[in-house]
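Asks: Need coordinates for the following:
(one chain, ligands or ions: 2)
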Amino acid sequence: MCDTCGCSSDLEQMSGAEQVKARSNRLRGTLAGELLEDTPVFSDDAGVILKFHGVYQQDDRDLRKEARKLGRAKHHMMMIRTRIPGGIVSPDAYLAHDRIAGAWGNGTLRVTTRQDLQLHGVLKGDLRRAIRAINDALLTTLGGCGDQERNIMCCPAPWSDRLHREINATLAALVTGLTPTTRAYSEIWLDGDLAASNQPDPPDTLYGERYLPRKFKTAIAIAGDNCVDIYANDLGLVAHETDAGALAGFDLLVGGGLGRTANKPNTWPAVAQPLGYVQPEQVVEAARAVVSVQHDYGDRSDRRHARLKYLIADRGIDWFRGEVASRLPFELEPSRRLHWRSAEDHLGWHEQGDGNHCYGLFVENGRIHDTETSGLRSALREVVETLRVELRLTPQQNILFTNLTDDGRGVFTAILDRWGVARSESLPSAIRHSMACPAYPTCGLAVAESERAMPSLIREIALVQRDAGVEDERISYRMTGCPNGCTRPYLGDVGFVGTTLGKYDLFLGGDFEGTRLNELYMHNVKLEEIPRLLRGPLFEYASSRLAGEGFGDWCRRQDISMLAERHALVEVTA
Ligand code: SRM
Ligand code: SF4
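Replies: Ligands and ions are numbered 1, 2, ... in the order given. Sure, this is the predicted structure:
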């Protein structure tokens, strides 16, 4: 048994990252000292702790080759991830991120698949003032990354009814209940030299001194609408409504997670499974109990086997349920049956229910930048400066503009039009339902392009959908530059997962509502072959689908391997 926090592992048998965490003095490590050094990069150990503070060390991979040739060091830079529960961003917070992107970043902002904002290309010397500026706008980067509770996702719809108000209150309580209590973050980034005179940290009864074995992800969905991709989470909370429109309680789902490693069959994507049902006032305690079981029993010796899904696979859901139940002063009720009607993207115009309007804007792959054809970043800045609207980031990397009055609506559309920003309604369905992760040049784990490859690929696929006569069908397409699954490709109708530069595994047979894993359709195919390889299935789908049948459901009704045989138009290299 561990002497510092009570988890069930010996420090000597733990992974390197565990040793660093344990020695970090509640997430301080050597960060404060290293920030003062005139170096472009932190030490490896500090880099581990840095993640807990919402920062990843990266380098520009486009420049690696040239630097090597010239005998120069890598072009080091930082990625900052701001944790934004439910994706709710005030006007000041948005403008702060826009300013940081311009002053110290690479001039772009990125909406993530977990409703956060990321800033890329920040140099180490600018890190502290960038993080300070984010905190001045009342957001934090603590918990953006690291082995702790990550950003808690929640349906971003800004409806003003009782159910949504109560869910937002639960979200806030969960954030408080699952955030580490260390003062390291404010010492290092906000108070500077005051660090020396600080008081001791309050005890952390959830995380102890070693935090969790691995990242931990939680999302809240509203029964019927799986817009948050609930099954991808370590802990999913599905909110049910009473007949009177109040919050009735939550179904708990546990053990979702999509990461896998190429050629390592002992790693796999998994969908979360039912644990039980709790009343609204019990949900924070129940969530803490789930996290604490993972804290105590998760695998700290092998990071590839450390997510909650592996603990549940190894010990069984009944053991896990019993362990959680033993930590609660109330009974877990039996799980309810879940019916998913849709996975709303919330795009286009909606009435909020309070006389105001909300507009959901499609942001291709979440990247907010100005290009030759569209001044998206400039348009968003002008909208927020002029109308002071609250934004909601969606789990599909898009943005909702809320609280628009009748007059505000006109001003909003005029600004978008002036900057040449395409409206969500004008986009082909394939584009609207596509996502891609950053991959090159910032992601150190990428083995193939994603964000830079998807725009032309998805436009070709949109044409195939049109030729097949199914251009308006909602089919989700998700691409990643490696098997880690950051855009949740294994839950889409169609998934493209990078295997090496220019090649992808093709997955088919998920569903639009994200309730099951898709299956491998073809291995290691060239990017340029993908539209041709999808043509056959899309045409056959168009002619033989049942009424209301989605593409993923149709694929599933076929045998995926038979489908591959029928439509393998090119030789595929294994
Ligand atoms: Fe992710 C690692 C980007 C959502 C699974 N992810 C990374 C890193 C930080 C690469 C790294 O470790 O050096 C990527 C940074 C790239 C860059 O340049 O920005 C990265 N992940 C992203 C984002 C930005 C993709 C996006 O297009 O939006 C998403 C940020 C979410 C956020 O705001 O917190 C993002 N990542 C996800 C999701 C989807 C989700 O959570 O709903 C997953 C699959 C679900 C899951 O966690 O299982 C995901 N990311 C991973 C994994 C595999 C984890 C595993 O259990 O094996 C890694 C690698 C790791 O942790 O070792 C990873
Ligand atoms: Fe990087 Fe892979 Fe995640 Fe894409 S899926 S951002 S390549 S870790």
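
Asks: From ligand 2, how far out is residue 33?
Replies: 30 Å (C-beta to the nearest ligand atom, to the nearest Å). Just so you know, the C-beta spots here come from the backbone N, C-alpha and C atoms, and that holds for glycine as well.

Asks: cool, and residue 216?
Replies: 17 Å.

Asks: ok, now residue 421?
Replies: Separation of residue 421 from ligand 2 (C-beta to the nearest ligand atom): 25 Å.

Asks: you'd agree that residue is up against residue 378?
Replies: No - when contacts are counted by C-beta atoms under 8 Å, residue 421 is not listed as touching residue 378 (9.3 Å).

Asks: Of those two, give the one with the bigger neighbour count.
Replies: residue 421 (22 against 18; other C-beta atoms under 10 Å).

Asks: List phi and psi for the more buried one.
Replies: When read as degrees, to the nearest 10, the backbone of residue 421 gives phi -90, psi 120.

Asks: And for the one 3 residues further on?
Replies: Its backbone dihedrals place residue 424 at phi -50, psi -40, with angles given as degrees, to the nearest 10.

Asks: Tell me who's in contact with the residue sitting nearest the centre point of the chain.
Replies: Nearest to the geometric centre of the chain sits residue 114, at 2.9 Å (C-alpha atoms, centre = their mean). Residues near residue 114 by C-beta atoms under 8 Å, 6 or more residues apart in numbering: 150-151, 153, 217, 395.

Asks: Is it correct that residue 84 is in contact with residue 116?
Replies: Yes - the criterion here is C-beta under 8 Å, and residue 84 meets it with residue 116 at 5.1 Å.

Asks: Need the overlap of contacts for the two.
Replies: With C-beta under 8 Å, 6+ apart, residue 84 and residue 116 have common neighbours 151, 393.

Asks: any weak-confidence spans in this structure?
Replies: Residue ranges of the chain with pLDDT under 70: 1-9, 192-198, 568-574.

Asks: And the residue of it that's closest to ligand 1?
Replies: Closest approach between the chain and ligand 1, counting by C-beta to the nearest ligand atom: residue 259, at 2.0 Å.

Asks: so that residue sits right up against residue 268, yeah?
Replies: No - using C-beta under 8 Å, residue 259 is not in contact with residue 268, being 9.0 Å away.

Asks: Which one's more surrounded, the two?
Replies: The neighbour comparison of residue 259 against residue 268 (other C-beta under 10 Å) goes to residue 259, with 20 against 16.

Asks: Name the SS class of the more buried one, please.
Replies: What DSSP: H, G, I helix; E, B strand; the rest coil gives for residue 259 is coil.

Asks: swap in residue 77?
Replies: Bear in mind the rule, three-state DSSP; under it residue 77 is strand.

Asks: Next one: it from residue 442, what distance?
Replies: 8 Å (C-beta to C-beta, to the nearest Å).

Asks: Identify the contacts common to the two.
Replies: With C-beta under 8 Å, 6+ apart, residue 77 and residue 442 have common neighbours 58, 60, 120-121.

Asks: Columns distance to ligand 1 on top of those, output as JSON lines?
Replies: Converted to JSON lines, the shared contacts of residue 77 and residue 442 look like this (distance: C-beta to the nearest ligand atom, whole Å):
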{"residue": "58", "distance to ligand 1": "6"}
{"residue": "60", "distance to ligand 1": "10"}
{"residue": "120", "distance to ligand 1": "6"}
{"residue": "121", "distance to ligand 1": "10"}
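
Asks: Export those to a markdown table and append columns for secondary structure.
Replies: Formatted as a markdown table, the shared contacts of residue 77 and residue 442 follow (three-state DSSP):
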| residue | secondary structure |
| --- | --- |
| 58 | strand |
| 60 | coil |
| 120 | strand |
| 121 | strand |
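
Asks: among the residues you listed, which two are most distant?
Replies: For the shared contacts of residue 77 and residue 442, the farthest-apart pair by C-beta to C-beta is 60 and 120; their separation is 9.3 Å.

Asks: Have a look at the two and say which one is more surrounded.
Replies: Neighbours were counted for residue 60 and for residue 120 using other C-beta under 10 Å; residue 120 has more, 24 against 17.

Asks: okay, now residue 236: neighbour count?
Replies: Neighbours of residue 236 under the rule other C-beta under 10 Å: 30.

Asks: And what about it, helix, strand or coil?
Replies: Three-state assignment for residue 236 (three-state DSSP): strand.

Asks: tell me the SS of residue 373?
Replies: coil.

Asks: Can you give me the neighbour number for it?
Replies: 9.

Asks: got the contact list for it?
Replies: By C-beta under 8 Å, 6+ apart, the contact set of residue 373 is residue 420.

Asks: Which residues of the protein lie near ligand 1?
Replies: 56, 79, 81, 112-114, 116, 118, 150-151, 215, 217, 229, 232, 257-259, 307, 366, 397, 437-438, 442-445, 484-488 (C-beta under 6 Å from any ligand atom).

Asks: at 5 Å instead, please
Replies: By C-beta under 5 Å from any ligand atom, the part of the chain that sits against ligand 1 consists of 112-114, 116, 232, 257-259, 307, 437-438, 442-445, 484-486.

Asks: From the residues you listed, keep the buried residues only.
Replies: Buried members of the residues of the chain next to ligand 1, counted by 16 or more other C-beta atoms under 10 Å: 112-114, 116, 232, 257-259, 307, 437-438, 442-443, 484-486.

Asks: what touches both of residue 60 and residue 120?
Replies: With C-beta under 8 Å, 6+ apart, residue 60 and residue 120 have common neighbours 77, 442.

Asks: Filter the contacts of residue 114 down to the ones in strands?
Replies: residue 153 (DSSP state E).

Asks: Among the contacts of residue 114, which one has the most neighbours?
Replies: Busiest of those [other C-beta under 10 Å] is residue 153, holding 31 neighbours.

Asks: my read: that one touches residue 393, true?
Replies: No - applying C-beta under 8 Å as the test, residue 153 and residue 393 come out as separate, 9.7 Å apart.

Asks: Give me the common contacts of the two.
Replies: Counting by C-beta under 8 Å, 6+ apart, the contacts common to residue 153 and residue 393 are 87, 115.

Asks: quick one: the helices in the stretch 1-150 of the chain?
Replies: Assigned helices in the stretch 1-150 of the chain, in chain order: 16-22, 31-36, 44-52, 64-69, 91-103, 127-136 (criterion: DSSP state H, counting those that start in this stretch).
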